[in-house]
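# Model the structure of this input:
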Amino acid sequence: MKSKKIKGALVGLLLLAGLVQGFTQTVIQGVVTDIINKQPLQYVSVVLKGGRGTVTDSLGRFTLRSSGNIAIVQVTYVGYKTILKNIVPGTAQTLNFELETDPKAVNNVTVTTNKRAPYRNKGNPAVELIKRVIENKSINRTEHYDYVQYDQYEKLELSLSNVSNKLTNSKLLKKYQFMFENKDTIKLEGKSLLPVYLEETLSKKYFRKSPEKTKTIVVGEKRVNFGEYVDVPGVSSYLNRLYMDIDIYDNDIPLFTYQFLSPIADLAPTFYMFYIKDTITDASGQKLIKLYFTPRNTNDLLFRGNMYITLDGNYAVQKMNMFLSKNANLNFVRELHIDLDFEKSEDGRYHLSKTNTMADAGVTKGAGSGFFGERTVSYKNFVINKKMPDSLYAGLALVKAEQVDQHPDAYWQQNRHDTLTKAESKVYTNIDSLEKMPSFRRTLAIATFLFSGYTSLGPFDLGPAAAFYSFNPIEGFKLRLGGRTTPKLSKRIFFEGYGAYGFKDERWKYFLSSTYSLNNKSIYTYPLNFIRASYQYDTKIPGQELQFVSEDNFLLSFKRGKNDKWLYNRNLKLEYVHELPSHLSYTLGFKNWKQEPAGSIIYSKLVNGNNINITNLITSEFSAELRWAPNEQFYQGKVFRIPIINKYPIFTLRFIAGVKGLLNSEYNYQNINFRFEKRAYLSQLGYTDIVLESGYIFGKLPYPLMTIHRANQTYAYQLNSYNLMNFQEFVSDHYAGINLDHHFNGLFFNRVPLLKKLKLREVVSLKALWGGVRDENNPVKDPSLIKYPTFEGAPTTFSLDKKPYIEGSVGITNIFKLIRIDLVKRLNYLENPYVASLGVRARFKFDF
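Residues are numbered from 1 along each chain as shown. Presented below is the predicted three-dimensional model:
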């Protein structure tokens, strides 16, 4: 009886031991590299012999989990010797493998022909499989569920890569050695990374299908701070525009301001080639097909890589590793790797669990110095179909918790989804130390002056430098000196002004403004909320509209044709500007405008049968503008802010009312204008910038107060002006126009053997303008109105007839990665004097 109890106890212990072993998980992780060049190997098969397996990612990393008791791991890769290694089951261990080339594999003689085997979609099982994936996209994406919520962690890092020892050991940089000592040589094999920017964001994400609504609540935010000379939020917006969220189930993936066609897009079989490589089983027992994809044309903005597709009837993507072809028509980017990992949800479908996007960029193609960017996004606590109260989704789609950027380090250590590397953990303190160094601040001040044209003199900025000197036929040689105050003087009150002198007309010009900030923020930072009063006396070309540059810019002094139409303007302005968090803004204003004709412009009209010259024209007008730019982002500069163009439209509605008798105003009129702007992405066909605008003026008024259409007599190509129209050539009291500027992104040049190496890109544009002048405002029919100007007896200003003004252009962009050259053709109104029917215009732009 006693022996039976002992046997029973032994059996129980054996069963318990087996049960414990069954619940104890084996976890193996590591990196697989080449034994000679130490480079990571992608898609290496790592399996527990006779059991589960996985493959390495683009950095050679792998993680393998199993609940079995297999004690041998097998590592295999085509062209390399197979490795078998003993492990200890039921434990977590790190194993790194170095693979050696297999002489038997590389010494085999293969006889091939010069012709590549023809690739066809028809009858191709790989294409049939990807079509199944495309058909099931709707059930595999997050939007399939009624409700979804999860926690999201983002880490965005920018590093200097392969900084030369000659530079780091320079005596000039001796003070900055603490920065150079913080190098990361582990993250990317063969590269030395020096982190200079880091930001982290923790958010709670919510999605509701009907009515569709998303909500993001940012609960934590942390980023480096370079001080007053660098707009860190602007840098953050720009970098996040380059490294955007990746949804592989979308047709297009936005990266580096372009749209890359997803390998599972609806049109993917047209632009990609697909090959079935293997069938494997993952750690959970899910059977997967390994599918390789590659572009049909390696110059197109497409990826190559591998995806793993489930064979459970859902045809979901379980894992994807992809990279950019070195021949792709993309500037400065030397390498681009994207890794996507998915997890199985409680309903058996797969959701995204982690994305990692890495890019190495530089001026040269080699492995020299450059920039390395990485964005990692992790998703946890994924909950489906849990209804949340409607109040959660009310208000703005993105909100930030109070003191979102004030969390201590302990908060981040506890809540970030992954630990920072040793180099990453020092970035915040290093940049704080760097920002406090006087020598570094002086360097940033010089850089700011070179890029923005302003230099700081305590609480005052002097500039812009490009406007210090200019010339024109009216003023001759013109000197100008000006500047403005900064928040160092006051965060509430800002002053700006300049003085200028023309040596030909011997007149002083000047400008002075005072602005009061209502939100205690800089008047150049979103969201704007200020009141401004200003007075200006200066010259202006009627019909010239410039963006982001001063009219006194030296480079704009060079103009074609007759540049003799000028005005002396005296402007008294009052305005109130208010931007709302929803990106809806409104501007209320008042302007008293006194204009004096100059050059060839003469204001004359018929009074009692006699021609009378008018020395000036005075108007007073109230204005209101409403602007809506959903999801608009900016890069903030010292002088202005540059919108970061995205796919969202911009609507602008403006109303102006002239009031006769107010401050000597001579006319009553009402002017209403509407403008629509949008960039339309067309996948592999490129993108089109669309501008629609129209206007109508009510009331009787002379031509100087009508719409003088935007013209361009410089040699620079201007996107918003008519590049072969002369200044003040056309006026209207009602008009409608359309501007189309389409970029093909190398669609045709990428297929020409010699041209594709130059990475040139094609662009075409079309601008059409309809308009006219009603009889009551036409000086030809009513001599009491100010006459159109003439030159040597011939009129130089006209109204549009029944036909529109049309000009088009064809051009080449990305010349030397910076230059755009257009051949512009004017299609009608060629009978007007001093016009050109054909012209070449150039434009400089930094772009990827």
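# Residue ranges in this protein under the pLDDT threshold?
In the predicted model of the chain, residues 1-24, 78-79, 103-117, 366-367, 543-561, 636-640 satisfy pLDDT under 70.
# Give me the most central residue, it.
The centroid of the chain falls nearest to Arg241 when counting by Cα atoms, centre = their mean (3.9 Å).
# Spell out the secondary structure type for that residue.
Put simply, Arg241 is helix when judged by DSSP: H, G, I helix; E, B strand; the rest coil.
# residues in contact with it?
The contact partners of Arg241, taken as Cβ atoms under 8 Å, 6 or more residues apart in numbering, are 257, 633, 644, 646. In short, each C-beta sits where N, CA and C put it, glycine included.
# Tell me which two in those are the farthest apart.
Spanning the widest gap among those are Thr257 and Gln633, at 11.8 Å by Cβ to Cβ.
# So these two - more neighbours on which side?
Shown here are Thr257 and Gln633; by other Cβ atoms under 10 Å, Gln633 has more neighbours (21 against 16).
# State the distance from that one to His144.
Using Cβ to Cβ, to the nearest Å, one gets 29 Å for the distance from Gln633 to His144.
# that older thread, looking at the contacts of Arg241, which one is closest to Ile821?
Within the set of the contacts of Arg241, Thr257 lies nearest Ile821; the separation is 20.7 Å, counting by Cβ to Cβ.
# Confirm for me that the closest one is in contact with Phe848.
Yes: between Thr257 and Phe848 there is a contact at 5.9 Å, judged by Cβ atoms under 8 Å.
# quick one: common contacting residues for the two?
By Cβ under 8 Å, 6+ apart, the residues touching both Thr257 and Phe848 are Leu242.
# ok, Leu242 to Thr76 distance?
37 Å.
# tell me how far the ends of stretch 236-248 are from each other?
23 Å (Cα to Cα, to the nearest Å).
# I meant to write stretch 201-215 there.
First residue to last in stretch 201-215 (Cα to Cα) measures 15 Å.
# now stretch 262-276
Stretch 262-276: ends 18 Å apart by Cα to Cα.
# Tell me the gap between that stretch and the middle of its chain.
26 Å (Cα atoms, centre = their mean, to the nearest Å).
# Buried residues, that stretch. List them.
262-265, 268-269, 271-274, 276 (16 or more other Cβ atoms under 10 Å).
# what about Lys166, how many neighbours?
Number of residues near Lys166 (other Cβ under 10 Å) recorded here: 7.
# Am I right that Leu392 is in a helix?
Yes: counting by three-state DSSP, one finds Leu392 located in a helix.
# begin at 672 from here
Shifting the count to begin at 672 puts that one at Leu1063.
# Any figure for the gap between it and Arg879?
Taken as Cβ to Cβ, the span from Leu1063 to Arg879 is 9 Å.
# need the next SSE after the strand or helix carrying Gln1341, C-terminal direction.
Remark: Gln1341 resides in strand 1340-1352, with elements defined by DSSP states H and E. Going down the chain from strand 1340-1352, the next helix or strand is strand 1358-1369, by DSSP H and E.
# which helices and strands sit right next to that following strand?
On a contact count with 3 or more Cβ pairs under 8 Å, 6 or more residues apart in numbering; DSSP states H and E, strand 1358-1369 meets strand 1340-1352, strand 1405-1414.
# Need the winner for burial among these.
Most buried of the helices and strands packed on strand 1358-1369 by mean neighbour count (mean count of other Cβ atoms under 10 Å) is strand 1405-1414; its value is a mean of 19.
# Just the CA trace of that strand, in PDB.
The C-alpha trace of strand 1405-1414 is given here as PDB (Å, rounded to 0.1, in the frame of the first residue of the first chain):
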ATOM      1  CA  HIS A1405     -15.700  90.000 -62.400                       C
ATOM      2  CA  TYR A1406     -13.500  87.000 -63.100                       C
ATOM      3  CA  ALA A1407     -12.900  83.200 -62.600                       C
ATOM      4  CA  GLY A1408      -9.600  81.400 -63.000                       C
ATOM      5  CA  ILE A1409      -8.100  78.000 -62.800                       C
ATOM      6  CA  ASN A1410      -4.400  77.000 -62.300                       C
ATOM      7  CA  LEU A1411      -3.300  73.400 -62.700                       C
ATOM      8  CA  ASP A1412       0.300  72.400 -62.100                       C
ATOM      9  CA  HIS A1413       0.900  68.700 -62.600                       C
ATOM     10  CA  HIS A1414       4.100  66.800 -61.600                       C
END
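# Can you list the strands that it pairs with?
strand 1358-1369 (antiparallel), strand 1432-1443 (antiparallel) (DSSP bridges).
# Am I right that Lys846 is in a helix?
Yes: assessed with three-state DSSP, Lys846 lies in a helix.
# Does Val1506 touch Glu1478 like I think?
No: counting by Cβ under 8 Å, Val1506 sits too far from Glu1478 to count as a contact (10.7 Å).
# ok, Met1396 touching His1380?
Yes: the criterion here is Cβ under 8 Å, and Met1396 meets it with His1380 at 6.7 Å.
# got any residues that touch both of those two?
Common neighbours of Met1396 and His1380 (criterion: Cβ under 8 Å, 6+ apart): Tyr1476.
# Spell out, range by range, the helices that occur in the chain.
All helices of the chain, identified by DSSP state H, fall at 673-694, 774-777, 796-806, 808-811, 836-839, 848-851, 903-913, 939-942, 1061-1064, 1080-1086, 1093-1096, 1098-1106, 1109-1123.
# closest one to Asp921 among these?
Nearest of these to Asp921, taken as Cβ to Cβ: helix 808-811 at 9.0 Å.
# Does anything pack onto the closest one? Which helices or strands?
Applying 3+ Cβ pairs under 8 Å, 6+ apart, we find helix 808-811 packed against no helix or strand.
# Same question for it: list its buried residues.
Using 16+ other Cβ under 10 Å as the test for burial, helix 808-811 gives 808, 811.
# can you check stretch 991-1007 too?
Neighbour counts over stretch 991-1007 (16+ other Cβ under 10 Å) mark 991-996, 999-1001, 1003-1007 as buried.
# With stretch 1353-1360 instead?
By 16+ other Cβ under 10 Å, the buried positions in stretch 1353-1360 come out as 1354-1355, 1357-1360.
# Same check on stretch 719-726?
Under 16+ other Cβ under 10 Å, the buried positions of stretch 719-726 are 719, 722-726.
# ditto for stretch 1191-1198
So for stretch 1191-1198, counting by 16+ other Cβ under 10 Å, buried means 1192-1197.
# contact partners of that stretch?
1158, 1162-1163, 1165, 1186, 1188, 1190, 1200-1201, 1203, 1249-1252, 1256, 1305, 1307, 1309, 1311-1312.
# what's the answer for stretch 1484-1498, then?
Defining contact as Cβ under 8 Å, 6+ apart, one finds that stretch 1484-1498 is touched by 1000, 1002-1003, 1388, 1394-1396, 1414, 1417, 1430-1434, 1436, 1477-1483, 1506-1518.
# List the contacts of the nearest residue to Ile947 once chain neighbours are set aside.
Nearest residue to Ile947, sequence neighbours excluded (Cβ to Cβ, 6 or more residues apart in numbering): Ala797, at 4.8 Å. By Cβ under 8 Å, 6+ apart, the contact list for Ala797 reads 945-947, 962.
# likewise Lys1265?
Per Cβ under 8 Å, 6+ apart, neighbours of Lys1265: 1240-1242, 1287-1289.
# Out of the residues you listed, which end up buried?
Among the contacts of Lys1265, the ones that count as buried by 16+ other Cβ under 10 Å are 1240, 1242, 1288.
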